[in-house]
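Asker: 3D, please:
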Amino acid sequence: MRQMLIETSVIGGLRALARDVARRLPGLDRWSFARARAHGSERGDVPGWVLITLMTAGLVLLLWALAGPALTGVFTTAISNVQSTIG
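Answerer: Below you'll find the model as predicted:
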């Protein structure tokens with residue numbers, strides 16, 4: 001249940017982020033990409049890198065939400081061990 005809630009909130013956040021990016025970048029819509037492809041533009045694959053960036057951010061957020069407390073515990077234990085060894 002908790003995992004489904006986290007996944008739903010991450011997906012909702014990514015959708016909001018994509019809408020915000022599309023709103024802030026003029027000419028960033030599906031029609032401008034279709035025109036660029038039809039005319040042989042050399043602009044690159046903008047939708048591809050945007051998708052990869054958003055998916056990477058989503059995976060990082062999901063892993064952070066699921067494994068954050070465990071990673072914090074591992075880090076705290078490691079720092080405590082180093083501090084007790086030094087002093």
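Asker: what's the helix or strand for Arg19?
Answerer: For Arg19, the host element (DSSP states H and E) is helix 2-24.
Asker: could you do Trp64 as well?
Answerer: Trp64 belongs to helix 46-86, assigned by DSSP H and E.
Asker: name the helix or strand of this protein that has the lowest mean pLDDT.
Answerer: Within the chain, confidence by mean pLDDT, DSSP states H and E is lowest for helix 30-38 among all helices and strands, at a mean of 60.
Asker: what's the neighbour count on Arg15?
Answerer: 11 (other C-beta atoms under 10 Å). For the C-beta atoms, the positions are set from N, CA and C on the backbone; glycine is no exception.
Asker: Thr76 too?
Answerer: Neighbour count of Thr76, defined by other C-beta under 10 Å: 10.
Asker: per-residue pLDDT of it, please?
Answerer: What the model reports for Thr76 is a pLDDT of 95.
Asker: distance of it from Ala70?
Answerer: Computed as C-beta to C-beta, to the nearest Å, the Thr76 to Ala70 distance reads 11 Å.
Asker: Ala78 and Leu71: what is the separation?
Answerer: According to C-beta to C-beta, Ala78 and Leu71 sit 11 Å apart.
Asker: right, I mislabeled it, should have said Ala18
Answerer: 28 Å.
Asker: one more: Ala57?
Answerer: 18 Å.
Asker: same question, Thr8
Answerer: 23 Å.
Asker: neighbours of Leu66, how many?
Answerer: Residues lying near Leu66 (other C-beta under 10 Å) number 14.
Asker: what of Arg19?
Answerer: 10.
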